[in-house]
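Undergrad: Predicted model and sequence below, questions to follow.
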Amino acid sequence: MCCTSPRSANRIRSGKPAPPTTTPPTPSAPPSGNIKVTALDVNAAYLSALKVWLPIGKLEHTTGSDGAGPKRSGVHLITPAEWAHPHLPNPLGDRDEPGALWITDATLRLPLRLSGPKWALTEAPTVHESWTSGATENFLDALRKLLVAARSEAIAAGDKLMLEYVKSMYSKFVSTMGESVHNREMVRPDWMHNIHAQAYALHCGRAYKPVRPGWTSSR
């Protein structure tokens, strides 16, 4: 899911993977002793993803990497580096076609982190152009904290109805902030895609952490 112009907002890649269709690779040598398997998941990922860098002004066009900054956000046209780790989730999700593609700022930040000295899992992608503006990480944080508190109270009380109601609130809020007939007050597809991408990045973060001796991630 990619495009040649950010104006086709629903074709901007958010990084979400397709369901795996192949058997995960197995270690070259069978491990000895007991094997402990831990499921890697992020509860309320979309709720946690409300804390993400969102553009707060009119998106401005830049070429090269000028629009890719720590306090800017939007969408970027990039050519990704090779991902040589089939046992780990690709930070851009599963792709059918090689070459350049439009991604969100939340997606871009993930391979940039993984290209740094801490992880050294890939090279940094090449940024060709961007549509970005100044950004903040706290624009939706008050709402996130309110919903987190309501969710925690529902879990503590064993109130499954309230838990589902809270989940529905933040899920529908995110899914209708793009170009939906159900939300005419807010038309920010760039926000929607950045939040979706941040939710996926939170899941990926869990998978990358076991990359150390004695641990193996399997999709």
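TA: Received, thanks. Residues are numbered from 1 along each chain as shown.
Undergrad: Quick one: mean pLDDT over the longest strand belonging to the chain.
TA: In terms of residue count, the longest strand belonging to the chain (DSSP state E) is strand 126-136. The pLDDT scores in strand 126-136 average 96.
Undergrad: And for stretch 165-185?
TA: Averaging pLDDT along stretch 165-185 gives 82.
Undergrad: likewise stretch 209-216?
TA: For stretch 209-216, the per-residue pLDDT averages 58.
Undergrad: ditto for stretch 98-106
TA: Stretch 98-106 shows a mean pLDDT of 92.
Undergrad: can I get the CA coordinates of that stretch in PDB?
TA: Extracted C-alpha coordinates of stretch 98-106, given in PDB (Å, rounded to 0.1, in the frame of the first residue of the first chain):
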ATOM      1  CA  PRO A  98      10.300  -2.600  -4.000                       C
ATOM      2  CA  GLY A  99      11.200   1.100  -4.500                       C
ATOM      3  CA  ALA A 100      10.200   4.400  -3.100                       C
ATOM      4  CA  LEU A 101       7.000   4.900  -1.100                       C
ATOM      5  CA  TRP A 102       5.200   7.400   1.100                       C
ATOM      6  CA  ILE A 103       5.200   6.800   4.800                       C
ATOM      7  CA  THR A 104       4.200   8.600   7.900                       C
ATOM      8  CA  ASP A 105       6.600  10.300  10.300                       C
ATOM      9  CA  ALA A 106       5.900   7.700  13.000                       C
END
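Undergrad: Determine how far it lies from the middle of the whole chain.
TA: Between the centre of stretch 98-106 and the centre of its chain there are 12 Å (C-alpha atoms, centre = their mean, to the nearest Å).
Undergrad: quick revisit: got the contact list for the longest strand of the chain?
TA: Here strand 126-136 makes contact (C-beta atoms under 8 Å, 6 or more residues apart in numbering) with 6, 53-69, 71-79, 81, 100, 105, 108. (C-beta placed from N, C-alpha, C; glycine too.)
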